[in-house]
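>>> here's my sequence, what's the structure:
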Amino acid sequence: MTVSAEVLRQYRIIDGQLFLGEQSATSLADTHGTPLYVYDAAAVKRRIEVLKAALPDSLSLHYAIKANPMPELVRKLGGWVDGMDVASSGELKLALDSGIPAQHISFAGPGKRDQELDQAVDAGVTLSVESEGELRRIVTSGERVGRTPQIALRINPAFRLKASGMHMGGGPSPFGIDEERAPEVLELATTLPVKLRGLHIYAGSQNLSAVHLIEAQKAIFDLALRLARYFPRGLEWLNIGGGFGIPYFPADKALDVRPLTDNMAECMQRFSAGMGACEVVLELGRYLVGEAGVYLCRVIERKHSRGRIYLVTDGGLHHHLAASGNLGQVLRKNFPLMIADRVRGEPLETVNVVGPLCTPLDILGESVALPKAGPGDLVAVLQSGAYGYSASPLDFLSHPPPRQILV
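Predicted structure coming up:
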């Protein structure tokens, strides 16, 4: 079995079959065809409800659309979270269409085009300013649109979030304004025709260490307190990022959020004592949706080659780049895999699960232990609700794209 107990506990297994929502993965694949992404709305809602119950009441929970922009899912999330964070004009439209008010939407990312700035300023969302040059372009955009831009300064902190899958601070970066230059740029912003609302400080992502996340949270609040004196009308908005990870690989342990939420409550109490009324935003993407998604593909052929068994499927890296190991992994590791209708089947055999593409990079599972499978069997790639479909090269070799459904 290539699925750890940490991962398996997030999924419903009935009589050896994987269930998503109220239906088996097999019945969903038979109805909708493969390859297929399936997202379990109830699992997402459950994750949000449990997290919100543990978070301080005054904290706002935002969804980072980049994790999974499926329109139906985003519309559902619009009723479950307090706000959304976007990184393109396409995501901005999705957020506005979800029913989330514009004042609860923020727009981050380097290299925003002038057209995107105009759309964001006109909509009244908060723009996270990534550079001094962008700040000046936002001012020009406000003049074009005839509205006062709402902005927050994104800070590239001097510290790093240790043990992160991806660092977003602590060194040179295209993201945000270096911490040491922040006072200068904040002073400039106070002289310009913009509404300076607050700060966006994000240190890293995909982190499973409560200890390191707590350390980063404390550093973020301390930095915000130091920079608050540059806000003549007071700091009213602080996005502390997120970074909460989910377990993918056998050695991963699920994140214990209770120490994190307790720490946030302490930090916010100290912060509010020094700042008064300020909305604090926790921005999460992968943690909310990652475990609620599964990628299903069907075995086309079982092949033997020089002592190895290959299960050749109708899915692959063009649909799920992250699972192939080609989305940021230095050393390739397998996403959790199972045969959907024989989750605990025996005996196990060691196989390689590959796709139909003409490249040796098209690997979904390398030397994985699975029940014996052949043509027609269904492979399920778990933990696929975030950075799957939308982060993949769907047009590579012109194969048809997978379907996506919300159950």
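
>>> okay, domains of the protein per the record?
Following the assignment in automatic domain parsing, the chain carries domains at 5-39+291-406, 69-284.

>>> end to end on the longest one, go ahead and measure it.
Domain 69-284 has its terminal residues 13 Å apart, counting by CA to CA, to the nearest Å.

>>> report the distance from it to the chain centre.
On the basis of CA atoms, centre = their mean, to the nearest Å, domain 69-284 sits 14 Å off its chain's mean C-alpha point.

>>> equivalent analysis for the shortest one, please.
Computed by CA atoms, centre = their mean, the chain-centroid distance of domain 5-39+291-406 equals 20 Å.

>>> so who does residue 379 touch?
If you count contacts by CB atoms under 8 Å, 6 or more residues apart in numbering, residue 379 has them with 296-299, 311, 313, 315, 337-340, 353, 364-365, 373. C-beta: built from backbone N, CA, C; applies to glycine.

>>> tally of neighbours for the closest residue in space to residue 302 that isn't next to it in sequence?
Excluding the flanking residues, the one nearest residue 302 by CB to CB, 6 or more residues apart in numbering is residue 374, at 4.3 Å. Neighbourhood size, residue 374 [other CB atoms under 10 Å]: 11.

>>> look up phi and psi at the residue lying farthest from the centre of the chain.
What lies farthest from the middle of the chain is residue 306; by CA atoms, centre = their mean that is 39.8 Å. Backbone geometry at residue 306, expressed as degrees, to the nearest 10, gives phi 50, psi 50.

>>> what lies in contact with the helix or strand where residue 121 lies?
Remark: residue 121 resides in helix 114-123, with elements defined by DSSP states H and E. Contact with helix 114-123 is made by 88-89, 92, 96, 102, 105, 107, 112, 127, 137-138, 140-142, 144-145, 147, 149-150, as judged by CB under 8 Å, 6+ apart.

>>> just send the domains of the chain back as a markdown table, with mean pLDDT and distance to residue 59 too.
A markdown table is the format used below for the domains of the chain (pLDDT from 0 to 100; distance: least, CB to CB, whole Å):
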| stretch | mean pLDDT | distance to residue 59 |
| --- | --- | --- |
| domain 5-39+291-406 | 95 | 21 |
| domain 69-284 | 92 | 5 |
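
>>> how about the CA coordinates for the helix holding residue 121, as PDB?
Output of helix 114-123 as PDB, limited to C-alpha atoms (Å, rounded to 0.1, in the frame of the first residue of the first chain):
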ATOM      1  CA  ASP A 114      -2.200  47.800 -16.500                       C
ATOM      2  CA  GLN A 115      -5.500  46.300 -17.600                       C
ATOM      3  CA  GLU A 116      -5.600  44.100 -14.500                       C
ATOM      4  CA  LEU A 117      -4.800  47.100 -12.300                       C
ATOM      5  CA  ASP A 118      -7.600  49.000 -13.800                       C
ATOM      6  CA  GLN A 119     -10.000  46.200 -13.200                       C
ATOM      7  CA  ALA A 120      -8.900  45.800  -9.600                       C
ATOM      8  CA  VAL A 121      -9.100  49.500  -8.900                       C
ATOM      9  CA  ASP A 122     -12.500  49.800 -10.500                       C
ATOM     10  CA  ALA A 123     -13.800  46.900  -8.600                       C
END
